[in-house]
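A.B. asks: sharing a sequence plus its predicted fold:
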Number of protein chains: 2
Amino acid sequence: MSRVFDRVAILGLGLLGGSVALAARRAGVAKHLVGSGRRTAPLAQALADGVVDEVAGVCEAVSGAELVILATPIGAMESILAEASPFLAEHTRVTDVGSVKGTLADRLPSLLPAGVHYVGAHPMAGSHERGVEHAAADLFEGSCCVISPLRSTPSAASEDVAGFWRALGADVVVRDPGAHDEEVAWVSHAPHILAFAFARAFKEAPSSARELVGSGFRDFTRIARSDPGMWAEIMNSNRKAVASPLRAFGDSLAEVARAIEAGDVETLETFLTQAQDMLVGESRQASLQAAPGRCGDVRSGDDNPEIQADPESANPRRSKKENE
Amino acid sequence: MSRVFDRVAILGLGLLGGSVALAARRAGVAKHLVGSGRRTAPLAQALADGVVDEVAGVCEAVSGAELVILATPIGAMESILAEASPFLAEHTRVTDVGSVKGTLADRLPSLLPAGVHYVGAHPMAGSHERGVEHAAADLFEGSCCVISPLRSTPSAASEDVAGFWRALGADVVVRDPGAHDEEVAWVSHAPHILAFAFARAFKEAPSSARELVGSGFRDFTRIARSDPGMWAEIMNSNRKAVASPLRAFGDSLAEVARAIEAGDVETLETFLTQAQDMLVGESRQASLQAAPGRCGDVRSGDDNPEIQADPESANPRRSKKENE
């Protein structure tokens, strides 16, 4: 059973913060939910809609809260926590929703009074929509949530925070902040950089090329439809860790380009086969054979977006456009 | 009304060739279907299943055929057409299914006897499956098919071939071979190269990173699950045209990397916003406003895979994992 928190403060009531509120209420792990944010109209609407029980300024919101969730963009978390800090009671748990964990782990803990512990979290769920009006109680269901306790974090604090995210429907995995940042640089940040860079390059394409766009192009560039402001901040915050996948990609691209230039079909086929082999570990088949409980797993449930988004499981015709 | 061909020969009875046969029969545009191929067992099965009415060697298959479809890998088309050529009757139409049109337009027409015309085609449909056993009568429905007549091609020949592909359910657009190759280099070949290169680079990733793979990574790398042999040949055949998108991508990546390195979030956000603007032209909203009849359009019909594959139209929750 997850711990039930009497008062939960959510600082930043946007899509993620609002979804945390709805999911926490549905799971019965928050008795009283307080939201705080910069824009008053959405806050008032969220209150009217029953997303939260109360809206308040930062200091009032966190007063007496047993759990505080930072749900602003990552760049604003340090200053908002500094503002909240004097009002935090002993034993309060602090977590967040940021996509980068290293810089937050470096800066946030020192802002906290004694007895208050920060356990960073990265719920790997979101939407191309923004704002609390698009919040959903099931946003975290079947998704992966990384938590990043520090070595000094008492296990009771880690367990409280992990239990909270689990109650919201997420599969929780634990990574230290540096390992988290390195791994998401590979599976998320570098792909976003490449997709955005390719989309930008498209300004050089003949305009009639757009008429031939198919599902391959759309899937490849889909992640470049994500919010530019949020992603500029994420890429910047994780700039050290993205260097490694980008360098490896550059080497790999140079190698395939050389084979293409040389007209060396045999080497090219070997290269492409090796590339494909690297994807086997995250295919549905492989995941089904993997140990249970890892976030990459395929779980049951028709409403699992990971499954719906997987071309090999959701719809065998998804790949219809492969002869592009 | 499309022309009905008395005898249609399909050279290479794999997934595409088999689907052409099934779709042509369903559309009633082929009275007698003859299949030819290297492997005898699948041919016998296709005959038993009624995919074709007859199986035969190349020369026998094309004898008396009014329409010949080259459906082998592109590297084999020249030699198979040379073999078939002496047996082609006057006014036979020859088309193909190759993903690259320039080299075929350079080489195939000179192999043909007088009065026989080649009108290259690129049906932008396929599957990650291979072989005639996975052929489907609706494979081309709602898909885009580029046809590439030469300047010297009589319009009657172009119309026969365009009408055939339209009867199979495809939306036909016309491009000269060079323009086709340049455009698909942008919308398909370069994205495939980048996805394969990134998948290959993944060998440098920490193995635990796989546990954090989500739908963003999967969509971005999906096209790298395509057949390596087929794609090595496509990339090689279109190696001149892919240089331009790869160079533009390289410049674009260098620019975003510089902004990340410099910690210049403002420039980075501008860059990402400009990148995203480049995708607007192929978004659903833009397509709906565009002139009708272009392949990039969104058409009605729930079974249209283009629509199903479009995250913004098919399923608003598709992008649930955006906070990766």
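C.D. replies: Ah, there it is.

A.B. asks: so residue A:76 touches residue A:12, yeah?
C.D. replies: Yes: counting by CB atoms under 8 Å, residue A:76 touches residue A:12, with 7.4 Å between them. Using the backbone N, CA and C atoms, a C-beta is placed for each residue, glycine as well.

A.B. asks: between these two, which has more neighbouring residues?
C.D. replies: Each of residue A:76 and residue A:12 has its neighbours counted (other CB atoms under 10 Å in any protein chain shown); residue A:12 has more, 24 against 14.

A.B. asks: any idea which residue sits dead centre in chain A?
C.D. replies: residue A:124 (3.0 Å; CA atoms, centre = their mean).

A.B. asks: that residue is in contact with residue A:147, isn't it?
C.D. replies: No: if you go by CB under 8 Å, residue A:124 and residue A:147 don't touch, sitting 11.6 Å apart.

A.B. asks: break chain A into its domains for me.
C.D. replies: A:5-175, A:177-253, A:262-306 (automatic domain parsing).

A.B. asks: which of the ones you listed sits most buried?
C.D. replies: Mean neighbour count, computed with mean count of other CB atoms under 10 Å in any protein chain shown, is highest for domain A:177-253 among the domains of chain A, reaching a mean of 23.

A.B. asks: next, the distance between the ends of it.
C.D. replies: The first residue of domain A:177-253 is 29 Å away from its last residue (CA to CA, to the nearest Å).

A.B. asks: which secondary element of chain A has the worst mean pLDDT?
C.D. replies: Scoring the helices and strands of chain A by mean pLDDT, DSSP states H and E places helix A:305-309 at the bottom, with a mean of 27.

A.B. asks: residue ranges in the stretch 201-324 of chain A under the pLDDT threshold?
C.D. replies: A:281-294, A:296-324 (pLDDT under 70).

A.B. asks: swap the cut-off to 90 and go again
C.D. replies: A:214-215, A:280-324 (pLDDT under 90).

A.B. asks: and residue A:11, what are its bridge partners?
C.D. replies: residue A:36, residue A:70 (DSSP bridges).

A.B. asks: how much space between it and residue A:110?
C.D. replies: Relative to residue A:110, residue A:11 is positioned 18 Å away (CB to CB, to the nearest Å).

A.B. asks: one more: residue A:96?
C.D. replies: Going from residue A:96 to residue A:110 by CB to CB gives 15 Å.

A.B. asks: same for the top helix by length along chain A, what does it pack against?
C.D. replies: For chain A, the longest helix by residue count, based on DSSP state H, is helix A:239-261. When contacts are defined as 3 or more CB pairs under 8 Å, 6 or more residues apart in numbering or on different chains; DSSP states H and E, helix A:239-261 packs onto helix A:177-184, helix A:190-201, helix A:265-277, helix B:190-201, helix B:228-237, helix B:239-261.

A.B. asks: go again with 7 Å.
C.D. replies: helix A:190-201, helix A:265-277, helix B:190-201, helix B:239-261 (3 or more CB pairs under 7 Å, 6 or more residues apart in numbering or on different chains; DSSP states H and E).

A.B. asks: who touches residue A:26 in this structure?
C.D. replies: residue A:137 (CB atoms under 7 Å, 6 or more residues apart in numbering or on different chains).

A.B. asks: check which helix or strand it maps to.
C.D. replies: helix A:15-27 (DSSP states H and E).

A.B. asks: now do that helix, average pLDDT.
C.D. replies: Helix A:15-27 shows a mean pLDDT of 97.

A.B. asks: just checking, what packs against the one helix or strand residue A:61 maps to?
C.D. replies: Here residue A:61, judged by DSSP H and E, is contained in helix A:58-62. Helices and strands touching helix A:58-62, by 3+ CB pairs under 7 Å, 6+ apart, are strand A:5-11, strand A:30-36, helix A:74-84.

A.B. asks: quick one, grab the pLDDT at the closest residue to residue A:3 other than its chain neighbours.
C.D. replies: Leaving out its chain neighbours, the residue that sits closest to residue A:3 by CB to CB, 6 or more residues apart in numbering or on different chains is residue A:160, at 5.3 Å. You'll see residue A:160 listed with a pLDDT of 98.

A.B. asks: now residue A:160: how far from residue A:92?
C.D. replies: From residue A:160 to residue A:92 the distance is 10 Å (CB to CB).

A.B. asks: picking that back up, return the backbone torsion pair for the residue nearest to the centre of chain A.
C.D. replies: Dihedral pair for residue A:124: phi -80, psi 70, per degrees, to the nearest 10.

A.B. asks: go ahead and confirm it touches residue B:216.
C.D. replies: No: using CB atoms under 7 Å, residue A:124 makes no contact with residue B:216, being 9.0 Å away.

A.B. asks: residue contacts, residue A:12?
C.D. replies: Counted by CB under 7 Å, 6+ apart, residue A:12 has contacts A:37, A:70, A:71, A:72.

A.B. asks: where's the residue nearest to residue A:238 when sequence neighbours are not counted, which helix or strand?
C.D. replies: Once flanking residues are discounted, residue A:238 sits nearest to residue A:100: 4.6 Å by CB to CB, 6+ apart. Per DSSP H and E: residue A:100 is located in neither a helix nor a strand.

A.B. asks: so what's residue A:100 up against?
C.D. replies: Taking CB under 7 Å, 6+ apart as the test, what residue A:100 contacts is A:74, A:181, A:234, A:237, A:238.

A.B. asks: what sits against the first one?
C.D. replies: The one in question is residue A:74. Residue A:74 sits in contact with A:98, A:99, A:100, A:104, A:233, A:237, where contact means CB under 7 Å, 6+ apart.

A.B. asks: next: the second one.
C.D. replies: With contacts defined as CB under 7 Å, 6+ apart, the neighbours of residue A:181 are A:100, A:101, A:102, A:238, A:241.
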